[in-house]
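In: Predicted coordinates and the sequence they were generated for:
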Amino acid sequence: MKCFALVLALCLPIPLLAQQSVPEIHFKAQTNFFKLPPDVFFGEAAGVAVNSKGHVFVFSRGGTTGPAYGAAAAQLLEFDAQGNYVREIGRHLYAWSYAHAVKVDKEDNIWVADKGSDMVIKFSPEGRVIMVFGRKQEASDEGTGPLKHPRPPLPPIDGEFRQVTDMAWDSAGNTFISDGYINSRIAKVDKDGNWIKSWGQPGSGPGQFNTPHSIATDQAGNVYVADRGNGRIQVFDGDGKYLREIHINVPYDHKIRPWMGNAPAEVPATSEAPAPLNKTMSNGSPWAICISPGPHQVLFVSDSYPGRIYKLDLDGKVLGALGVVGHRPGQFGWIHELACPSENVLYAAELLNWRVQKLTLEPAQ
């Protein structure tokens, strides 16, 4: 009986959690790629995206006005392919409250997710608002203010978001929206903006989320969700059917100190701990994800500590890693969004270092 058990154990798939050291990816980092006008500054760089012309869009928690607490903190800036400043988009937009993510679709429309206003905005390539999703709280309403996080949470409402985080698309033009810190679900709307469905709820089981923070799609239409608080990436088909999950646990030097705060306790990515356990700061917990264009697609993932970017195939195998937490070029302070216009060029938007780095990766040998 013991022999049978041993054979059975050897036949079981080895989780990615047990993965050993992976190759270090060599790269060049540019911290001064973007040329800002003298009177324009990045705040916390929450989002970054690239269009078909190579223009880069940075969604920054800058350009703020208002009181010390609750000031609007969202500014969308465009740069050309050489990093020259082009324009600000949506200045004084009603939805601007607290920047979270920016993406560009295949038609070069510019989309933003604003966590503070609970809204997703679609801009034309010319910078005009052409579609809005969600609704901002009214200034005249009694009780208007920061959203609460009750447990259990309030039931979600179709067409509305609570601290929305990101968006992605399939080839048919359907939009997938990660909704977000409170509702912990994925919404799907069609190309005309009609609400189709949503899936997910707070929790740690398959198809449940603890802050779906970033979202991406592959050429097959599968949806990858950075389930940050649960320390994993969950993969679904376009109808929300759970397919698999990916865990990253690449060894690192435990002497590395976080950019700020104490070193997080080690929490195994496959822990059976109760849902309230938050793995946001754990090794390999995904903050930002992006998938490079085809035909050979790869997945890039960032964590906050030890502050690395990981390159994976779409099955979840880690192919390499780069960077570490810190202030210097090639080091990172809470990468909040990644843009990967190719397999060897990345843009990393950082909250703590108030910058976006352009990273040029050396091709794999």
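Out: Sure thing, it's come through. Numbering: from 1, shown residues only.
In: Of all the residues in stretch 66-80, which ones are buried?
Out: Within stretch 66-80, the residues scored as buried using 16 or more other C-beta atoms under 10 Å are 72-79. Placement of C-beta: from N, CA and C, glycine included.
In: So which residues make contact with it?
Out: Contacts with stretch 66-80, where a contact means C-beta atoms under 8 Å, 6 or more residues apart in numbering, come from 34-36, 40, 43-44, 53-65, 85-90, 93, 95-99, 102, 110, 112, 114, 116, 127, 145-146.
In: Mean pLDDT per helix and strand in the chain: which one sits at the bottom?
Out: helix 2-11 (a mean of 38; mean pLDDT, DSSP states H and E).
In: Give the buried residues for the following helix or strand past that one.
Out: Per DSSP states H and E, helix 2-11 leads on to strand 27-30 as the next helix or strand towards the C-terminus. For strand 27-30, the neighbour count (16+ other C-beta under 10 Å) marks 27, 29 as buried.
In: so what does strand 27-30 touch, helix or strand wise?
Out: Strand 27-30 sits against strand 355-361, with contacts defined as 3 or more C-beta pairs under 8 Å, 6 or more residues apart in numbering; DSSP states H and E.
In: CA-only coordinates of the strand it packs on in PDB, if you can.
Out: What follows is strand 355-361, C-alpha atoms only, in PDB (Å, rounded to 0.1, in the frame of the first residue of the first chain):
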ATOM      1  CA  ARG A 355       8.200  57.000 -13.200                       C
ATOM      2  CA  VAL A 356       7.800  54.700 -16.200                       C
ATOM      3  CA  GLN A 357      10.900  52.700 -17.200                       C
ATOM      4  CA  LYS A 358      11.400  51.500 -20.800                       C
ATOM      5  CA  LEU A 359      13.000  48.100 -20.700                       C
ATOM      6  CA  THR A 360      14.800  46.500 -23.600                       C
ATOM      7  CA  LEU A 361      15.300  42.800 -23.000                       C
END
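In: Who are the contact partners of the nearest residue to residue 98 once chain neighbours are set aside?
Out: Nearest non-adjacent residue to residue 98, counting by C-beta to C-beta, 6 or more residues apart in numbering: residue 116, 2.9 Å away. Going by C-beta under 8 Å, 6+ apart, residue 116 touches 72-74, 97-98.
In: Just the closest of these to residue 310, please.
Out: Distances from residue 310 to the contacts of residue 116, taken as C-beta to C-beta, are shortest for residue 98 (27.3 Å).
In: wait, what's in contact with that closest one?
Out: 61, 72-74, 114-117.
In: Lowest-confidence entry in those residues?
Out: pLDDT across these is at its lowest for residue 72, which sits at 91.
In: From residue 362, how far out is residue 142?
Out: For residue 142, the distance to residue 362 equals 58 Å [C-beta to C-beta, to the nearest Å].
In: got it, and residue 160?
Out: From residue 160 to residue 362 the distance is 45 Å (C-beta to C-beta).
In: now the residue nearest to residue 295 when sequence neighbours are not counted, what's its secondary structure?
Out: In this structure, residue 295 finds its nearest non-sequential neighbour in residue 219, 7.9 Å apart by C-beta to C-beta, 6+ apart. Secondary structure for residue 219, judged by DSSP: H, G, I helix; E, B strand; the rest coil, is coil.
In: Touching, residue 219 and residue 171? I think so.
Out: Yes - between residue 219 and residue 171 there is a contact under C-beta atoms under 8 Å: 7.5 Å.
In: Can I get stretch 304-323 in PDB? Just the C-alpha atoms.
Out: Extracted in PDB, the C-alpha atoms of stretch 304-323 (Å, rounded to 0.1, in the frame of the first residue of the first chain):
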ATOM      1  CA  SER A 304       5.800  44.100  -5.500                       C
ATOM      2  CA  TYR A 305       8.400  42.000  -3.500                       C
ATOM      3  CA  PRO A 306      11.000  41.000  -4.300                       C
ATOM      4  CA  GLY A 307      10.100  43.400  -7.100                       C
ATOM      5  CA  ARG A 308      10.700  41.400 -10.200                       C
ATOM      6  CA  ILE A 309       9.200  40.900 -13.600                       C
ATOM      7  CA  TYR A 310       8.700  37.300 -14.700                       C
ATOM      8  CA  LYS A 311       8.400  36.000 -18.300                       C
ATOM      9  CA  LEU A 312       6.200  33.000 -18.700                       C
ATOM     10  CA  ASP A 313       4.700  30.900 -21.500                       C
ATOM     11  CA  LEU A 314       0.900  30.800 -21.600                       C
ATOM     12  CA  ASP A 315       0.900  27.500 -19.800                       C
ATOM     13  CA  GLY A 316       2.500  29.100 -16.800                       C
ATOM     14  CA  LYS A 317       6.100  27.900 -17.000                       C
ATOM     15  CA  VAL A 318       8.500  30.700 -15.900                       C
ATOM     16  CA  LEU A 319      11.100  31.300 -18.600                       C
ATOM     17  CA  GLY A 320      13.100  33.900 -16.800                       C
ATOM     18  CA  ALA A 321      13.100  36.800 -14.400                       C
ATOM     19  CA  LEU A 322      14.600  40.300 -14.200                       C
ATOM     20  CA  GLY A 323      15.000  43.200 -11.800                       C
END
